[in-house]
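Asker: sequence? don't have it. structure:
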Ligand code: SRM
Ligand code: SF4
């Protein structure tokens, strides 16, 4: 009888096992001025430090031009005005003179040279910012609703998200020693192999792990796309506890039906004092049951999809010793941000500014980077980055508003965000030239495509409608395309898949409508469906809901209401 062979662990598992300290030879390569790049092994270790080695894909014809992308970890997207100014300065001094707000409320610095990497990292840490575990097989930045005054729960939930982010951060001293102390770290292999993280153990997680908090009815964090989510339940104006949702994730690969986007399941309710225990239990279920033999099948969503909610709940209850209560009713009605000026509950104001695709840069007549810098150094508001790649200036005194308006206007920035509703609700991932996985353009293509779409919407009398449009350069889903009403997903240079049918609350996945379309064909396909929409839509029906009903015959109530 032939015995089944255990499947082989992935290369990443071997790397983590050999060096749970996560130091690799990063420090030695940093010290070696002749080396223009890190080794392939260090490429993997660097991720745990919040760093990606990339090359400028626009320059590949003349050779590989290596550079680093550095990603911060800002739980809930919060940073002080002073910290913002440090980031702005670092982007100009060491990066490509832009700051990129990510879909998980962080900043990315693109184009950092190896010779400037340590200075960048040290300056961030000196200003009390970190990049640890912004990438890698660990719990990533914890998302939380950043907008003040949308609910009395915002501050409390934000504080819990920030606390949880610390609890879930890996504890290796390598980060501090390499980037802050500047040690060479010539540790013996035996010393490296004995380190074990108290939560993650020696091999960390099989894959990335994402956490978010949301306060219904606003789903501004797209909570169901996370590995674990905490839906705040208010009773009598107070935080009664959380409904746990688990098993969401969007990444997939073209032509591999074993990979798919998935929305999280609703697992059950618990009171706030159990938050840490529940979060750790979900993480360790992923740690212990995630597939370490296939990185494309390693996310927690596949554990949920294959073992089911009942199994998951009982495993969680065993690990925590807590009995989950039935989930409390909740409903999401909307995603997105509150842009423009709004009053906070304490009498101060906040300003929501649309940042197209999260890219803070100066261009002719629209000097966004300089204008933001000037306004922040003058008035020192708190800054919050949103999951829709926008920016909020928070805690502004009423008497400061006019001065801020005027200063921003001097740089071509209007605080009334004068863009179409569809553009305001759009997002694109970075893709080319920095992302090594991009198959097609995204951030550089979407603004122009939207201009064409805006013309089409005007022609059809839909110029005042909001269509949630998202674009990515590959199927990994970084700008969360699969919950959009319209999504363009890159397949090859200038070839996209067109997905239709997500909803306003981000509680329904869209579906593939057409494959392999060029940019101009995307518009032609949309013209056909939008014309049908104009002719056949029900009163008040949004485009995504119309597509679900008419194209997919899907009239079910989207999760999570269905799951309760
Ligand atoms: Fe992402 C990989 C950018 C949010 C799913 N993502 C990447 C890399 C690092 C490419 C790489 O591995 O070489 C991209 C860097 C591009 C560049 O040049 O900057 C990248 N992801 C981004 C950001 C910057 C997109 C943005 O428009 O803001 C977001 C950074 C968030 C952060 O601050 O942590 C970003 N990525 C997401 C999201 C959305 C979310 O988390 O809310 C997803 C889908 C949700 C999910 O995780 O399922 C996402 N990124 C992926 C995947 C697919 C993972 C999978 O399970 O298959 C990859 C590829 C991978 O991990 O192998 C990836
Ligand atoms: Fe890169 Fe693909 Fe993510 Fe876009 S979706 S940033 S192309 S990995």
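Answerer: Nice, I can see it. The structure presented is a predicted model; accordingly, all values stated were derived computationally and were not measured. Ligands and ions are numbered 1, 2, ... in the order given.

Asker: contacting residues around the residue most central in space within the chain?
Answerer: When the chain is reduced to its mean C-alpha position, the closest residue under CA atoms, centre = their mean turns out to be residue 104, at 2.8 Å. When contacts are counted by CB atoms under 8 Å, 6 or more residues apart in numbering, residue 104 touches 140-141, 143, 210, 387. C-beta coordinates here come from the backbone N, C-alpha and C atoms, glycine included.

Asker: for residue 423, same thing?
Answerer: Taking CB under 8 Å, 6+ apart as the contact definition, residue 423 lies against 354, 356, 450, 454.

Asker: now the stretch 251-400 of the chain against ligand 1: closest residue?
Answerer: residue 251 (2.1 Å; CB to the nearest ligand atom).

Asker: dihedrals phi and psi, the nearest residue to that residue once chain neighbours are set aside?
Answerer: What sits nearest to residue 251 in space, not counting adjacent residues and going by CB to CB, 6 or more residues apart in numbering, is residue 476, at 4.8 Å. Per-residue torsions, residue 476: phi -70, psi -20 (degrees, to the nearest 10).

Asker: may I have the phi/psi pair for the closest residue to ligand 2 within the stretch 251-400 of the chain?
Answerer: The shortest separation between the stretch 251-400 of the chain and ligand 2 is 8.4 Å, found at residue 251 (distances taken as CB to the nearest ligand atom). Geometry field for residue 251 lists phi and psi as phi -60, psi 140, criterion degrees, to the nearest 10.

Asker: wait, it touches residue 260, no?
Answerer: No. Under the criterion of CB atoms under 8 Å, residue 251 makes no contact with residue 260, lying 9.1 Å away.

Asker: which of the two has more residues huddled nearby?
Answerer: Counted by other CB atoms under 10 Å, residue 251 and residue 260 do not tie: residue 251 has more neighbours, with 19 against 16.

Asker: who's in contact with the closest residue to residue 247 other than its chain neighbours?
Answerer: Once its chain neighbours are removed from consideration, residue 247 has its nearest residue in residue 304; the separation is 3.0 Å (CB to CB, 6+ apart). The neighbours of residue 304, taking CB under 8 Å, 6+ apart as the test, are 246-247, 262, 264-265, 312.

Asker: of these, closest to residue 532?
Answerer: Sorting the contacts of residue 304 by how near they are to residue 532, with CB to CB, puts residue 262 at the top with 28.9 Å.

Asker: next, count neighbours for that closest one.
Answerer: Neighbourhood size, residue 262 [other CB under 10 Å]: 22.

Asker: where does the residue nearest to the centre of the chain sit: helix, strand or coil?
Answerer: With DSSP: H, G, I helix; E, B strand; the rest coil as the basis, the three-state label of residue 104 is coil.

Asker: and it, what's its pLDDT?
Answerer: The confidence metric pLDDT takes the value 98 at residue 104.

Asker: ok, the contacts of residue 423 vs residue 194, which is closest?
Answerer: Taking the contacts of residue 423 together and measuring to residue 194 by CB to CB, the closest member is residue 356, at 48.9 Å.

Asker: hmm, the strand or helix carrying residue 282 touching ligand 1?
Answerer: In this structure, residue 282 sits in helix 275-289 according to DSSP states H and E. No. Judged by CB under 6 Å from any ligand atom, helix 275-289 stays clear of ligand 1, getting no closer than 11.9 Å.

Asker: distance from the chain centre to the longest helix along the chain, please.
Answerer: The helix of greatest length in the chain, counted in residues with DSSP state H as the criterion, is given as helix 300-320. Mean C-alpha position of helix 300-320 versus that of the full chain (CA atoms, centre = their mean, to the nearest Å) differs by 24 Å.

Asker: avg pLDDT for stretch 20-38?
Answerer: pLDDT averaged over stretch 20-38 gives 94.

Asker: near the nearest residue to residue 427 once chain neighbours are set aside, how many other residues are there?
Answerer: Here the nearest residue to residue 427 in space, its sequence neighbours aside, is residue 479; by CB to CB, 6+ apart that works out to 4.3 Å. Using other CB under 10 Å, residue 479 is surrounded by 29 other residues.

Asker: so where's this protein uncertain?
Answerer: For the chain, applying pLDDT under 70 flags the ranges 1-6, 557-564.

Asker: so which bits of it are right by ligand 1?
Answerer: 52, 54, 69, 71, 102-104, 106, 108, 134, 140-141, 208, 210, 222, 225, 249-251, 299, 358, 429-430, 434-437, 476-480.

Asker: out of the residues you listed, which are buried?
Answerer: With neighbours counted using 16 or more other CB atoms under 10 Å, these contain these buried positions: 52, 54, 69, 71, 102-104, 106, 108, 134, 140-141, 208, 210, 222, 225, 249-251, 299, 358, 429-430, 434-435, 476-480.

Asker: if anything else comes up later, I'll come back, but that's it for now.
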